[in-house]
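Asks: Structure, please.
(2 chains)
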Amino acid sequence: MSILSCEALTKTYVSGGREITVLRDITFELEAGEVLAVTGPSGSGKSTLLGLLAGLDRPARGRVVLDGHDLSALTEDERARLRAEKVGFVFQFFHLIPTLTARENVQVPLELRGEDARARAEDLLARVGLAERGHHYPAQLSGGEQQRVAVARAFAHRPRILFADEPTGNLDAQNGANVVALLSEMNRELGTTLVLVTHDPDLARRAGRVIRLRDGEAVPA
Amino acid sequence: MSRLRFALALAWREGRGSRRRGGLVVAAVAIGVAALVAINSFGDNLQASVRQEARALLGADLFLSSPEPFSERAEVVLAELRRASSPAAELVRVVRFGAMARASAGGTRLAQVVAVDPGYPFYGTIDTAPAGEWPRLAETGGAIADPGILVAPGASLGDELALGEARFTLRATVENVPGDVGVRTAFGPRVFIPRRRVEETRLLAFGSRARYEAFLKLPPGTDAEALAARFRGRLAAERLVVRTVSDDQRRLNDTLSRLANYLALVALAALLLGGLAVASAVHVFIRRRLESVAVLRCLGASTGTLLAAYLIQAAAVGLVGSLVGAGLGVVAQLALPLLLRELIPVDVAWSPSWPAVLAGVGVGVWVAVVFSLLPLLAVRRVSPLAVLRRDYEPPAAPRSDVARGLALLALAGSVVGLAVIEAGRVGAGLLFAAGIALALGALALAAALLVRGLRRFLPRRLPYLYRQGLANTFRPANQTLLVVLALGFGTFLLSTLVLVQHNLLRELRVDRGEERPNVVFFDVQPDQREDVEARVRARAPLLGPAVPIIPMRIQSVKGRAASELLASAEEADRPGRWALRREYRSSHRDSSRPSERVVAGEWWRPGEWRGRTATETIPIAVDADLARELEVGVGDEIVWDVQGLLVPSRVACLRDVDWARFEPNFFVVFPEGPLDGAPRSFVLLSRLDDAAARARLQREIVEAHPNVSSLDLAQVQRGVERILDRVALAIRFMALFSLAAGAAVLAGAVAASRHQRVREGALLRTLGATRHQLVRILLAEYAVLGALAGVAALVLSTLAGWALVRFVFGGVFAFPGPALFTLLLGIAALTIAIGLAGSTEVWRRPPLEVLRAE
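Replies: Sure, this is the predicted structure:
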């Protein structure tokens, strides 16, 4: 059974009185454990597609089925709960909570579910090589370190699928490579499906599948 | 010139975009300006009313008054004064004294009897119900009284009222008397009777307090001031006070403007908070604009042009806020006469006072500009390089920054200057500015300590949602300190008021303790003493022996005759003249009472002066404040005129007297012995817990001895409470402006961090938080903010209240827990309400949209 599928997914915005189609008729199916890269020039709708697939946004037409749930049938809160259970995120600009320490940041997804997370958070931090830095605040960490914390956070609740929006976009080559390696490792060990939006050709090359977008449409490789 | 034009254009274009954020700053300034305009407008209108009604307030052109019937010499001078104008001045006389009024139904109450000649008052009219009774008073020979007479002692129109040994038919009640101060009736109703019937009452016997007054109406065109000046000296030597309309007006204005000044200071506090709001808003505004500023610098704009552009925006915001505030203030001014109605003697018309409005607008703009200066100076440090690199750090500010110093100076100077202007006096203004600075500083310190403590001891065990909310109060670039300051200040003002009022009332409470008297009998003549004591003892315990009261006057001080001192021109301007003129009621005892404390010199030994006569120089104990007025100290001589007998005395010690206690307290105390033969009356104190029984006892005594007056102290206490309530209400009204300004600051802070909070909310939503969870986080954050502000304010106001009660009022401090706790809850609730109202976007906007915009 596919873990993620979408059908005729279309998204439009109204801008300056005109309707602009950002995504047009995207259809595909993804099996559990696969790694999908979504590539394309900027403005091609990559991040929009990601948002729709993760249930952060609603399409104009078409539907998304995530782990057997039709997202259009769920309310905001139900989708949030689904995310808390099954979905992990990594962002281009890290988006850590500045008033929490690294360890506390990693704990957030579990604490939102009411679970005690201290031990697991420390475990994960060790996993991403930041065992000593748990008590530091994001402001005290470098870009690469912050992204690694974000990766730890993304895996805290053992999600089935992980969405990453330009995870290396704000990192230098070395750190970017580290993050990519981490993600691949997690994918291999835990069987987490990865959906990566990126315009980094290296990252795209490592993916099992690639969807190329141009002007909102999927184009052949 | 084109640079200025560019600055203006920039200001306009930038301003277009930030309309909504500007709205809150406008509100903050508007509130402060509204308060100022309201109180200053009111003050101006008050003065205008006093000017208009001044003649009616006095009721005459010239007014003479004395605590005794005019002496023969005084009458001669008076006759000369009347003849000094042509035609001769008209004259009416009035006698005022206190007496027990007895209703036919049996109730009694101490009333203020005003015995008038026909023709009084010359100016202004006294309206009665039924109408028309006043001009006929002499003819009908009845009485006209305050409406309070219908309640206590409980007479009705047409009833007979007994005053002393005479009976008066109650013909009407007064509707209004020019110069009426509403709260005065809390102390007993006035009863107006024709002067020709005073003798019948037989009340002006020995020892009773009365004031003998003469009112003169001068022919039009006569210069009352000049006339008064000519005769004042000679009349003063006979212990008469002479007042003209302008004297009266000046005195009234002085008192009223002092009241208005204090209220204006509270208003100023609100405006200063508005200034803080401006400063913080500008600070946030500049931070957001840093990128635009950097770009403009790249394109060649100079720092000066940019500063000018932003100053213009600040001034514009200040102007809009001030205009709105002025409008609000003119409307709010409506409320003040209503609130203060019972405390002021004139009807204040409601009309906008343009000078007050203009001044308010000017001050508002000035405050907006001055408070923007400091944060705006940050613009100087923005380098064009910031455009190329997001994380470019500007070089640290140079240590000696002249511009910054000047801006700080302008700020401090403005605050002090405004305080002095509003207070009307340099001393009070400086004190206020210092007080504000101290309060704000202490609040800031308390807030910083609390925040630090919270961070350190953040309870780990709290559920995550509440912990997150708490942690959010110290997110980067938080405005926690500012919000706590602003909210806390308004709360501080309000809670200090509550504290002081509570303690003052406690101090004056009559009911506590079985040892404290709650009914007093005075003017008891020596031959009545035994009978009165017996009657009282039959119903209730006598608290202590009867206290002797001996009336006397000062004949000379330190060798100089009082009449000489009063008449001389240079003494005329000294403030202590009343002390020389006054009729003293002194007592004799050999020890001090609990209500007094010897601060200089030594009390005489008990019994040392028994059996000695008044020919030797007798030691006396004098109230310390009186001694200051008379300019005497320990060892100085005062000669007393005790009903014609001259008694020499020497100040043996000075005492601090606690006049707030409802007990017989005296300016001067003699030793037992030398005055034993002097004519006297007595005061008896007793305590009866049942109010009805008290009333019955009073009636019995007054029926047996009509000249004995009595006072139910519980009633007096109620009267005092009423006055305090009125004053507190007015102050609280003004303090509310401060709280409103604080709320505006809070709303501004909420708006300023909205961007951040929406992003945090979106992130948490992405990670799986439901709306409900988000709301709880917000709730926690604002509850903490409100609690911080409340606790800091309460702690500080407790300290301030304690200091005030202990050192200024000399009492024991009590903490009104329930009232203050309610205030704390109220502040927390207000904070939560405003915070949540400004945060609805946090859970409304779809998460993705927010996360992408970086």
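Asks: Skipping adjacent residues, who's closest to the residue of chain B found nearest chain A in space?
Replies: Nearest residue of chain B to chain A: residue B:768, at 2.6 Å (CB to the nearest CB). In this view, the C-beta of every residue, glycine as well, is placed from N, C-alpha and C. Closest residue in space to residue B:768, ignoring its immediate chain neighbours: residue A:84 at 2.6 Å, by CB to CB, 6 or more residues apart in numbering or on different chains.
Asks: Contacts only, for whichever residue of chain A sits closest to chain B.
Replies: Among the residues of chain A, residue A:84 lies closest to chain B, at 2.6 Å counting by CB to the nearest CB. With contacts defined as CB atoms under 8 Å, 6 or more residues apart in numbering or on different chains, residue A:84 is in contact with A:109, A:112, A:113, A:157, B:767, B:768, B:769.
Asks: What secondary structure category should be reported for it?
Replies: Per DSSP: H, G, I helix; E, B strand; the rest coil, the secondary structure class of residue A:84 is helix.
Asks: now it: how far from residue B:790?
Replies: 35 Å (CB to CB, to the nearest Å).
Asks: Pretty sure residue B:613 sits in a helix.
Replies: No. Counting by three-state DSSP, one finds residue B:613 to be coil, located in no helix.
Asks: What is the neighbour count of residue A:156?
Replies: By the criterion of other CB atoms under 10 Å in any protein chain shown, residue A:156 has 22 neighbours.
Asks: wait, what's in contact with the residue nearest to it when sequence neighbours are not counted?
Replies: Of all residues beyond its chain neighbours, the one nearest residue A:156 is residue A:109 (4.8 Å), with distances taken as CB to CB, 6+ apart. Applying CB under 8 Å, 6+ apart, we find residue A:109 in contact with A:84, A:88, A:153, A:156, A:157, B:767, B:768.
Asks: Most neighbours among the residues you listed, which one is it?
Replies: Compared across these, residue A:153 has the highest neighbour count, 29 neighbours, by other CB under 10 Å.
Asks: Now for chain A, the helix or strand with the poorest mean pLDDT.
Replies: helix A:201-206 (a mean of 81; mean pLDDT, DSSP states H and E).
Asks: now do chain B
Replies: Within chain B, no helix or strand scores below helix B:569-572, which has a mean of 55 by mean pLDDT, DSSP H and E.
Asks: how near is the residue nearest to residue A:156 to residue B:460?
Replies: According to CB to CB, residue A:109 and residue B:460 sit 19 Å apart.
Asks: Then residue B:406?
Replies: Residue B:406 sits at a distance of 48 Å from residue B:460 (criterion: CB to CB).
Asks: what about the two, which has more around it?
Replies: Neighbours per residue (other CB under 10 Å) separate residue B:406 from residue B:460, with residue B:406 holding more: 12 against 7.
Asks: Can you verify that one is assigned to a helix?
Replies: Yes. Under three-state DSSP, residue B:406 sits within a helix.
Asks: what's the longest helix anywhere in chain A in contact with?
Replies: The residue-count maximum for a helix in chain A (DSSP state H) belongs to helix A:173-190. With contact meaning CB under 8 Å, 6+ apart, helix A:173-190 is reached by A:33, A:35, A:90, A:128, A:142-144, A:147-148, A:151, A:155, A:158, A:162, A:164, A:167-168, A:171, A:192-194, A:196, A:200, A:202-203, A:206.
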